[in-house]
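fold the following for me, if possible:
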Amino acid sequence: MAKAKRSVKFMCQECGYESPKWMGKCPNCGAWNQMVEMLEPTKKRAVIVYAYG
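Got it, this is the predicted structure:
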């Protein structure tokens, strides 16, 4: 079974702005070098099991 790909986002440590790409300067608050990489949790699919009996 293949592993689910985790999505990555970048968040500014100063104001909490989130972006899908890394930026040297936060466009929201203007802080330099405050964007840190965050891994979003994988979305697990529900498995439904039917029992016949």
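
how about low-confidence regions in this protein?
1-5, 42-53 (pLDDT under 70).

how about residues contacting stretch 9-25?
8, 26-29, 31-38, 40 (C-beta atoms under 8 Å, 6 or more residues apart in numbering). No exception for glycine: its C-beta is placed from N, CA and C like everyone else's.

which parts of it are buried?
10, 11, 12, 17 (16 or more other C-beta atoms under 10 Å).

please report how far the second one lies from residue 28.
Pointing back at residue 11 there. Using C-beta to C-beta, to the nearest Å, residue 11 is found at 11 Å from residue 28.

could you do the last one as well?
Spatial separation of residue 17 from residue 28 under the definition C-beta to C-beta is 4 Å.

one more: the first one?
In this view, residue 10 and residue 28 are 12 Å apart by C-beta to C-beta.

repeat that for residue 15.
On the measure of C-beta to C-beta, residue 15 and residue 28 end up 5 Å apart.

for residue 10, which non-adjacent residue is closest in space?
Of all residues not flanking residue 10 in the chain, residue 35 sits nearest, at 4.5 Å (C-beta to C-beta, 6 or more residues apart in numbering).

actually residue 6, not the one I typed
Closest to residue 6 by C-beta to C-beta, 6+ apart is residue 39, at 5.1 Å.

list the contacts for that neighbour?
Per C-beta under 8 Å, 6+ apart, neighbours of residue 39: 6, 7, 8.
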